[in-house]
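Trainee: need coordinates for the following:
(chains A, B, C and D, ligands or ions: 4)
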Number of protein chains: 2
Amino acid sequence: MKYSELKKIIKRHGLRITDCRIDVLSYFIQYKKALTFKNLEDQFEAYDRVTLYRTLSAFEEHGLLHKIPDDSGFATYGLCQDCSTEAHHHNHIHFKCLKCEQLECIDDTINISIDSLPKNYIAQDMDVIIKGVCQQCNSN
Amino acid sequence: MKYSELKKIIKRHGLRITDCRIDVLSYFIQYKKALTFKNLEDQFEAYDRVTLYRTLSAFEEHGLLHKIPDDSGFATYGLCQDCSTEAHHHNHIHFKCLKCEQLECIDDTINISIDSLPKNYIAQDMDVIIKGVCQQCNSN
DNA sequence: CAAAAAATGCAATTTTGTTGCAACTAAACT
DNA sequence: AGTTTAGTTGCAACAAAATTGCATTTTTTG
Ligand SMILES: [Mn+2]
Ligand SMILES: [Mn+2]
Ligand SMILES: [Zn+2]
Ligand SMILES: [Zn+2]
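Mentor: Ligands and ions are numbered 1, 2, ... in the order given. Sure thing, here's the model as predicted:
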């Protein structure tokens, strides 16, 4: 993606333009799947670990990235489609490949009616993680 | 729950009876909601950290506990209903309260047909985490 | 271009999780 | 019951992951 576009996105979310933010955002967009801190550390050795940690938090706080629930023990982030500092809303589904272990956001909203909740529970949002075999692993 | 019952459960899963295991299992059963390592550490200061870590892994491996995907950054465990070392199967749903942050297993299976997956993706399993307000927080 | 505000890098620290091993304990076996 | 065995515990050391404070640098504003 063009540098000017990346700049626009970061600015739109109320953050200053810096090299690290441009690089990280660009990588997320190009890579398409979810990324962990470790992925970024490997990819961007030139940046200090602390800066990468802070980039992830800033992006999360300002609605560029969202955490994806996982039990791997590592926080995993995916690109937000349409969030801001004020409003986060993630009703899309996630797919975790059992072979390559990679997580990705599936750009398709899911609509499940919840009727089996016990009394006095209020449902507001939902995370769905589908596990299976991804396209790449499937064709190998 | 009675000591003799707890012993039976632990034995049934192929583990030896020890004080720590009795206490941890008993606490899970009584507490009803999911617990993190930190919760246990606070609750059972008398046991060494390492022992608690190993108790959690042993219980997970032998089908007494299952990890619940979460974005808190801490592994969160819930009681299994009917698992063993050989077969783990968790088709129930999870509920995370946005007020008290607590996770719990909802003892109700959910059946969602997945039809919106992209081509060449194979779905095998699914995790559903419903977010909202739990009974307790709702009534306060 | 100068001033103000925010981000970065580095070092130190804290928190979280793992490993090896000796001492101990539960279960199995006379 | 006493002995053997195999598994469990606690401690110390270690390793990995994440956070904090602060001086320096960079971005933005005017
Ligand atoms: Mn997503
Ligand atoms: Mn559960
Ligand atoms: Zn895959
Ligand atoms: Zn609650």
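Trainee: per-residue confidence at residue A:109?
Mentor: Predicted confidence (pLDDT) at residue A:109: the value is 67.
Trainee: anything in the one helix or strand in chain A whose mean pLDDT sits lowest near ligand 1?
Mentor: The helix or strand of chain A with the poorest confidence is strand A:103-109; it has a mean of 84 (mean pLDDT, DSSP states H and E). Yes. Residues of strand A:103-109 contacting ligand 1 under Cβ under 5 Å from the ion: residue A:105. Bear in mind the C-beta positions are built from the backbone N, C-alpha and C, glycine included.
Trainee: in that strand, what's buried?
Mentor: Across strand A:103-109, burial judged by 16 or more other Cβ atoms under 10 Å in any protein chain shown covers A:103, A:104, A:105, A:106.
Trainee: briefly note if the very next helix or strand once past it comes near chain B.
Mentor: Next helix or strand after strand A:103-109 toward the C-terminus (DSSP states H and E): strand A:122-133. Yes. Counting by Cβ under 8 Å from any Cβ of the partner chain, chain B is contacted by strand A:122-133 at A:122, A:123, A:124, A:125, A:126, A:127, A:128, A:129, A:130, A:131, A:132, A:133.
Trainee: now the residue nearest to residue A:104 when sequence neighbours are not counted: how far from DNA strand D?
Mentor: Once flanking residues are discounted, residue A:104 sits nearest to residue A:33: 4.3 Å by Cβ to Cβ, 6 or more residues apart in numbering or on different chains. Per Cβ to the nearest atom of the strand, to the nearest Å, residue A:33 is found 18 Å from DNA strand D.
Trainee: any idea which helix or strand comes after whichever strand or helix holds residue A:57?
Mentor: If you go by DSSP H and E, residue A:57 is part of helix A:49-61. Counting by DSSP H and E, the next helix or strand C-terminal to helix A:49-61 is strand A:65-68.
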